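In: All I have is the shape, not the residue letters:
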Ligand code: GLN
């Protein structure tokens with residue numbers, strides 16, 4: 001096995017035993033990026049020198065007996081998260097040469113933990129999309145089928161993990177952007193609760209739903225990284241003060257006999273009728289039901305539940321988030337940020353010129369939709385109404401969590417689609433988010449886990465995910481269920 005194919009857990013063991021060094025591990029990942037990235041376009045910036053320096057420093061800490069769980073572990077970061085001294089583009093032309101002057105809190109934490117940053121990954125521009133085709137730097141391809149998308153908007157991160165360019169990657173999830181690519185690339189994709197992880201240094205898209213999330217090869221790796229990056233941050237007023245659980249401990253069911261000891265006894269799992277409508281791909285429905293049965297075998301109790309306002313999730317999301325986008329992206333005016341093309345005659349034309357050249361079509365579409373929804377005369381009809389619908393969706397979940405501890409659903413309505421197939425049909429692209437916007441609007445933790453494979457029209461097999469949603473700030477419940485599945 002090549003070193004870049006290791007999980008975090010095994011790599012840590014080998015590092016600790018001195019079998020491998022952080023430099024060797026980092027070199028293996030850098031070599032994989034060099035070899036595969038020209039085809040995949042998953043990584044926008046590689047910071048080779050910095051990575052090797054960090055790896056050397058990690059080796060010294062390891063030699064001195066430091067046992068931090070992410071010490072010497074190479075990772076990639078979505079390019080909408082600030083990394084000091086390294087280009088941060090949000091896959092937009094407007095930030096083409098932007099060098100972040102500070103580290104996002106989460107990058108700072110990972111630096112302190114001794115993880116090794118390899119570079120920055122491709123995304124839909126400003127995280128607007130579900131396929132990574134909306135990048136100003138070209139689409140990312142799915143490593144499992146080069147004719148297909150990796151999902152989005154954290155598609156570069158997912159493709160990079162699936163292609164073993166790194167051991168884990170950071171993404172962001174505003175309405176599915178970690179979970180959808182995890183489903184399409186056969187990975188674990190965790191969107192923590194809103195507020196669980198600091199957003200300081202994440203380029204704002206829709207501040208009321210977005211969260212930094214993780215793409216990993218195993219559930220255990222996800223638990224390890226979450227523990228390192230979560231927690232309250234004085235630089236993010238929306239970060240939650242609640243205590244963190246010992247996530248990876250929840251996962252370890254070794255020495256437990258699932259069949260007789262039933263470790264999930266007492267855990268109630270809800271299957272919402274609205275997520276299993278007759279149109280759902282049959283194989284996906286089967287895979288999710290199979291996971292439900294495995295959880296039941298481990299002692300969990302399955303319950304049919306209802307989340308009656310599910311169908312309004314996508315429409316509410318596509319009013320609320322463009323509204324926030326239109327406000328958040330106002331700062332990219334070409335002056336403080338951006339291109340600074342100066343040949344304009346006056347300030348108004350300066351803005352027009354810079355924003356006109358700097359933003360791609362999907363970003364412009366969302367700014368226009370959002371500005372419209374917030375404008376006088378339409379605010380009550382659109383924005384306010386969408387917020388009222390959001391409250392109903394939150395209440396659906398509150399009600400459901402009086403009956404169950406976790407909710408199990410599909411992540412995406414189908415496997416990865418073809419590059420170019422939906423890129424000119426924004427509505428079809430928005431409907432990709434049908435199963436993922438609910439947890440985002442309600443701020444709940446949700447994880448996509450590999451559920452099985454689906455046969456495509458060409459007869460290929462492609463992965464699809466199942467989604468587990470927990471009550472706010474109860475990520476440990478997801479890991480508990482996964483512990484039983486892994487056994
Ligand atoms: N598909 C969603 C959108 O386009 C996902 C965005 C995200 O989570 N960043 O808005």
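Out: Thanks, I have it. For clarity, every value in this text was computed on a predicted model and none was experimentally measured. Residues are numbered from 1 along each chain as shown.
In: Number of residues surrounding the closest residue to the ligand within the stretch 101-250 of the chain?
Out: Taking C-beta to the nearest ligand atom as the measure, the point where the stretch 101-250 of the chain comes nearest the ligand is residue 177, at 2.9 Å. Just so you know, the C-beta spots here come from the backbone N, C-alpha and C atoms, and that holds for glycine as well. The local packing of residue 177 (other C-beta atoms under 10 Å) involves 36 other residues.
In: Check which helix or strand it maps to.
Out: If you go by DSSP states H and E, residue 177 is not part of any helix or strand.
In: didn't it look like it was pressed against residue 127?
Out: Yes: Residue 177 lies in contact with residue 127 (C-beta atoms under 8 Å); the separation is 5.6 Å.
In: Now do the worst-scoring helix or strand of the chain on mean pLDDT: distance to the chain's middle.
Out: Least confident helix or strand, the chain: helix 258-261 with a mean of 84, by mean pLDDT, DSSP states H and E. How far helix 258-261 lies from its chain's middle: 34 Å, per C-alpha atoms, centre = their mean, to the nearest Å.
In: Helix, strand, or coil at residue 10?
Out: helix (DSSP: H, G, I helix; E, B strand; the rest coil).
In: Quick one: name whatever helix or strand follows the least confident helix or strand of the chain.
Out: The helix or strand immediately downstream of helix 258-261 is strand 268-272, counting by DSSP H and E.
In: returning to what we had before: any idea how far the residue of the stretch 101-250 of the chain closest to the ligand is from residue 25?
Out: Distance from residue 177 to residue 25, counting by C-beta to C-beta, to the nearest Å: 27 Å.
In: ditto for residue 187
Out: In terms of C-beta to C-beta, residue 187 sits 19 Å off from residue 25.
In: do residue 338 as well
Out: 37 Å.
In: now swap in residue 447 and tell me
Out: Counting by C-beta to C-beta, the gap from residue 447 to residue 25 is 26 Å.
In: So for these two, which sits in the more crowded spot?
Out: Higher neighbour count among residue 447 and residue 25: residue 447, with 29 against 24, using other C-beta under 10 Å.
In: hang on, residue 171 is in a strand, isn't it?
Out: Yes: counting by three-state DSSP, residue 171 is part of a strand.
In: What is the burial count for the spatially closest residue to it that is not a sequence neighbour?
Out: Distances taken as C-beta to C-beta, 6 or more residues apart in numbering put residue 154 closest to residue 171, at 2.9 Å, once the chain neighbours are dropped. Using other C-beta under 10 Å, the number of residues around residue 154 comes to 39.
In: Can you name the helix or strand that residue 363 falls in?
Out: helix 361-374.
In: neighbouring contacts of that helix?
Out: Outside helix 361-374, the residues within contact range by C-beta atoms under 8 Å, 6 or more residues apart in numbering are 92, 124-126, 128-129, 134, 318-319, 321-327, 329, 359, 378-379, 382-383, 386, 426.
In: Just the ones of those in strands?
Out: Within the contacts of helix 361-374, no residue falls in strands by DSSP state E.
In: Next, count neighbours for residue 48.
Out: With other C-beta under 10 Å as criterion, residue 48 counts 14.
In: what's it in contact with, if anything?
Out: residue 30.
In: for residue 426, same thing?
Out: Residue 426 neighbours (C-beta under 8 Å, 6+ apart): 362, 365.
In: still on that earlier bit, from residue 376, how far off is the residue nearest to residue 171?
Out: Distance from residue 154 to residue 376, by C-beta to C-beta: 36 Å.
In: residues in the stretch 101-250 of the chain within reach of the ligand, list them.
Out: Proximity of the stretch 101-250 of the chain to the ligand, by C-beta under 6 Å from any ligand atom, involves residues 127, 128, 129, 130, 153, 172, 173, 174, 175, 176, 177, 205.
In: Turn those into a markdown table, columns for distance to residue 244 and pLDDT.
Out: Formatted as a markdown table, those follow (distance: C-beta to C-beta, whole Å; pLDDT from 0 to 100):
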| residue | distance to residue 244 | pLDDT |
| --- | --- | --- |
| 127 | 25 | 98 |
| 128 | 31 | 98 |
| 129 | 31 | 97 |
| 130 | 30 | 97 |
| 153 | 27 | 98 |
| 172 | 20 | 98 |
| 173 | 19 | 98 |
| 174 | 23 | 98 |
| 175 | 25 | 98 |
| 176 | 24 | 98 |
| 177 | 23 | 98 |
| 205 | 25 | 97 |
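In: Got a quick PyMOL command for the buried subset of those?
Out: Typed into PyMOL, the line below selects the buried ones among these, using 16 or more other C-beta atoms under 10 Å:
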select buried, resi 127+128+129+130+153+172+173+174+175+176+177+205
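In: any chance of the residues of the stretch 101-250 of the chain next to the ligand in a markdown table, plus distance to residue 196?
Out: Converted to a markdown table, these look like this (distance: C-beta to C-beta, whole Å):
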| residue | distance to residue 196 |
| --- | --- |
| 127 | 18 |
| 128 | 23 |
| 129 | 24 |
| 130 | 23 |
| 153 | 20 |
| 172 | 13 |
| 173 | 12 |
| 174 | 15 |
| 175 | 17 |
| 176 | 17 |
| 177 | 16 |
| 205 | 18 |
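In: For residue 220, state which of the residues of the stretch 101-250 of the chain next to the ligand is nearest.
Out: Nearest to residue 220 among these is residue 173, at 20.2 Å by C-beta to C-beta.
In: So what sits opposite that closest one in the bridge?
Out: Beta-bridge pairing of residue 173 under DSSP bridges involves residue 211.
In: OK, contacts around residue 440?
Out: 173, 174, 175, 176, 191, 209, 317.
In: Out of the residues you listed, which two sit at the greatest distance?
Out: 191 and 317 (13.8 Å).
In: So for the two, which sits in the more crowded spot?
Out: Taking neighbours as other C-beta under 10 Å, residue 191 and residue 317 compare with residue 191 leading, 35 against 27.
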